[in-house]
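>>> Sequence unavailable; structure follows:
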Ligand SMILES: C[S@@+](CC[C@H](N)C(=O)[O-])C[C@H]1O[C@@H](n2cnc3c(N)ncnc32)[C@H](O)[C@@H]1O
């Protein structure tokens, strides 16, 4: 097995486990909420290795991917979720394969897959992921929507927006608009708008201490209560942004009652939403209905996932439905002057799409599955069912189609090559050796003479890698720089 080592950004390996000291604050808190046995189980849980799980697009061919991964020594086991697999062998390799780099699967904890699974949007649902980075659940929602429709992913933190954008590009999803906004204010832009909303709120993370061990150093109840105030505001905002009849999933990866049941209790008392029953395929317990002065029997409909019950993380999930109108916030002052979407046969975009049709042999009905956007000399594409035509809301919308050069020629972007490559019948090149593959993934030039110069779509073992340009020196890789941030193993 060859390994290409790029500058290392993302590390999914579990070769070293730092011993986590369970802080007195956490132990005392959990004992007051549960009992001493719970604390002992919690202590054992945080000292154990996290199990690894992967998620595969429910509409893709799972079996062939599972077979490919076997060649790396990776063995998977089915779980109760039809798109999720437990990594039995090879968890040190699971975040480093070529297939991982190309977004053919996503590494994510089993419990974290539950909130999108319960929301279960289709491409007909206008969908919002209010607290989206790094995009584990956004990318899952997009796959559930068959990569079509309108999915808005919002995140407030600039750095985390970067990882959200990275994952959206890597998973090659053209149904996502990324906003960078305080979630509390989203209804200024979208009031009474969405059919389905996920509020996977920031939280004090007691369910994921096994992975995020610094939590044990800072956790205290005052911090958790502060976060609960933000969670409440985020939920209010989601309710305002939802249509009457819309579904909202509220989830956290923490175990406190302050950030879960108390937040929902306040919401249920003040806002026109009802809590609903739902099927949760993992082992779980009902939400707390009584604690000290607090009492609300309806919260038995919320569900708590206790980490060691499922070999995964701790989560809290509740399903709400909006029952009647809410007061809007003051509308935003976004200038609404940036409607520059083009359908495939618009006179501006048609010549560029004709270039793709003639040069790569991509059928016009495939190109008609998308709408196109001009952003200076770049062209972007979103699926044709995208409905929000005000692109100034988004810091990223859809995927890059390519760049128009001085001769008015469209140079295809690697992300677009990955979307359209399987439909290309011309100017497609198959890399057939590991040596050439390594050069391509490094962004270098494969010394190879071809009859025709110009851009090519590059394939390896049936997978589209991206684009390249044939020059007199050879085939110059255009494999995106941001995908060259991890170590890639080649089987
Ligand atoms: C639990 S994480 C979300 C994880 C994400 N849903 C996923 O599955 O990858 C919560 C996110 O909310 C963001 N956040 C915190 N405060 C926020 C706010 N006021 N508005 C929007 N997002 C916020 C955090 O930066 C963080 O990325």
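Looks like it came in fine. Computed from a predicted structure; not experimentally measured.
>>> I'd like to know how many residues surround residue 449.
Using other C-beta atoms under 10 Å, residue 449 is surrounded by 9 other residues. (C-beta placed from N, C-alpha, C; glycine too.)
>>> helix, strand or coil for it?
coil (DSSP: H, G, I helix; E, B strand; the rest coil).
>>> Now for residue 382, how many residues are close by?
Using other C-beta under 10 Å: residue 382 sits among 26 other residues.
>>> in which helix or strand would I find it?
Element membership for residue 382, per DSSP states H and E: strand 378-383.
>>> Run the chain-centre distance for that strand.
Relative to the mean C-alpha coordinate of its chain, strand 378-383 is positioned 19 Å out (C-alpha atoms, centre = their mean, to the nearest Å).
>>> Regarding the chain, what is its longest strand?
strand 242-252 (DSSP state E).
>>> any idea which helix or strand comes after the helix or strand of the chain with the lowest mean pLDDT?
Least confident helix or strand of the chain, by mean pLDDT, DSSP states H and E, is strand 2-5 with a mean of 70. Where DSSP H and E defines the elements, the next helix or strand beyond strand 2-5 is helix 24-33.
>>> which parts of that following helix are buried?
Under the neighbour-count criterion of 16 or more other C-beta atoms under 10 Å, helix 24-33 has 25, 26, 27, 29, 30, 33 buried.
>>> with those in mind, which one is nearest to the ligand?
Nearest to the ligand among the buried residues of helix 24-33: residue 26, at 18.2 Å, using C-beta to the nearest ligand atom.
>>> Now do the buried residues in the least confident helix or strand of the chain.
By 16+ other C-beta under 10 Å, the buried positions in strand 2-5 come out as residue 4.
>>> ok, now stretch 41-54?
Residues of stretch 41-54 classed as buried: 41, 42, 43, 45, 46, 50, 51, 52, 53, 54 (neighbour count, 16+ other C-beta under 10 Å).
>>> Mark which of those are part of strands, please.
Among the buried residues of stretch 41-54, DSSP E puts 53, 54 in strands.
>>> Redo the buried residues of stretch 41-54 as TSV? Include pLDDT and distance to residue 176.
Listed next are the buried residues of stretch 41-54 as TSV, based on pLDDT from 0 to 100; distance: C-beta to C-beta, whole Å:
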residue	pLDDT	distance to residue 176
41	95	38
42	94	36
43	91	40
45	91	34
46	89	34
50	87	27
51	91	28
52	95	25
53	97	23
54	98	21
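>>> farthest pair in the buried residues of stretch 41-54?
Greatest spatial distance among these (C-beta to C-beta): 43 and 54, at 28.0 Å.
>>> picking that back up, what does the least confident helix or strand of the chain contact?
Contacts to strand 2-5, defined as C-beta atoms under 8 Å, 6 or more residues apart in numbering, come from residues 96, 434, 438, 441, 442, 487, 488, 489, 490.
>>> Put the buried members of those into a ChimeraX selection.
Buried subset of those, written as a ChimeraX selection, criterion 16+ other C-beta under 10 Å:
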select :96,438,441,487,488,489,490
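>>> what mean pLDDT does stretch 229-236 have?
Across stretch 229-236, pLDDT averages out at 98.
>>> thinking again about what came up before, quick one: average confidence on the longest strand of the chain?
Computed over strand 242-252, the average pLDDT equals 98.
>>> quick revisit: make a markdown table from the buried residues of stretch 41-54 and add distance to residue 314 to it.
Listed next are the buried residues of stretch 41-54 as a markdown table, based on distance: C-beta to C-beta, whole Å:
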| residue | distance to residue 314 |
| --- | --- |
| 41 | 11 |
| 42 | 9 |
| 43 | 14 |
| 45 | 9 |
| 46 | 10 |
| 50 | 12 |
| 51 | 13 |
| 52 | 17 |
| 53 | 15 |
| 54 | 20 |
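>>> Now the terminal residues of stretch 356-372, how far apart.
Chord length of stretch 356-372, first to last residue, is 14 Å (C-alpha to C-alpha, to the nearest Å).
>>> Can you give me the buried ones in it?
Buried residues in stretch 356-372 (16+ other C-beta under 10 Å): 356, 357, 359, 360, 362, 366, 367, 369, 370, 371, 372.
>>> ok, residues contacting the host helix or strand of residue 359?
Per DSSP H and E, residue 359 falls inside helix 350-360. Contact with helix 350-360 is made by 344, 362-364, 367, 372, 379, 401-402, 404, 408-410, 412, 420, 424-428, 454-455, 457, as judged by C-beta under 8 Å, 6+ apart.
>>> now do stretch 432-444
Against stretch 432-444 from outside (C-beta under 8 Å, 6+ apart): 2, 4, 98, 101, 431, 445-446, 448, 458, 460, 465, 468, 475-479, 481, 484, 488, 490.
>>> and the residues you listed, which of them are in helices?
98, 101 (DSSP state H).
>>> Throw together a PyMOL command that grabs the buried residues out of the contacts of stretch 432-444.
Buried subset of the contacts of stretch 432-444, written as a PyMOL selection, criterion 16+ other C-beta under 10 Å:
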select buried, resi 4+98+101+431+445+446+458+460+465+468+475+476+477+478+479+484+488+490
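>>> Spell out which residues of the stretch 51-200 of the chain are next to the ligand.
112, 131-137, 154-157, 160, 182-184, 200 (C-beta under 6 Å from any ligand atom).
>>> Out of those, which end up buried?
Taking 16+ other C-beta under 10 Å as the criterion, what is buried in those is 112, 131-137, 154-156, 160, 183-184, 200.
>>> what's the closest of those residues to residue 226?
Residue 226 has its nearest neighbour among these in residue 184, at 14.3 Å by C-beta to C-beta.
>>> I'd like the distance between that closest one and residue 232.
Using C-beta to C-beta, to the nearest Å, residue 184 is found at 10 Å from residue 232.
>>> which residues touch the residue in the stretch 301-450 of the chain that the ligand sits nearest to?
Nearest residue of the stretch 301-450 of the chain to the ligand (C-beta to the nearest ligand atom) works out as residue 315 at 10.2 Å. With contact taken as C-beta under 8 Å, 6+ apart, residue 315 is in contact with 111, 112, 114, 115, 207, 251, 252, 253, 304, 305.
>>> which element is the fourth one on?
Residue 115 belongs to helix 114-119 when elements are defined using DSSP H and E.
>>> next SSE after that helix?
Following helix 114-119 toward the C-terminus (DSSP H and E): strand 127-129.
>>> what does the next helix or strand after that following strand contact?
For strand 127-129, the following helix or strand on the C-terminal side (DSSP H and E) is helix 136-144. If you take C-beta under 8 Å, 6+ apart as the criterion, helix 136-144 is touched by 55, 57-59, 83, 106, 108, 112-113, 115-117, 119-122, 127, 129, 132, 151, 153, 164, 167-168, 171, 173, 175-176, 198, 200.
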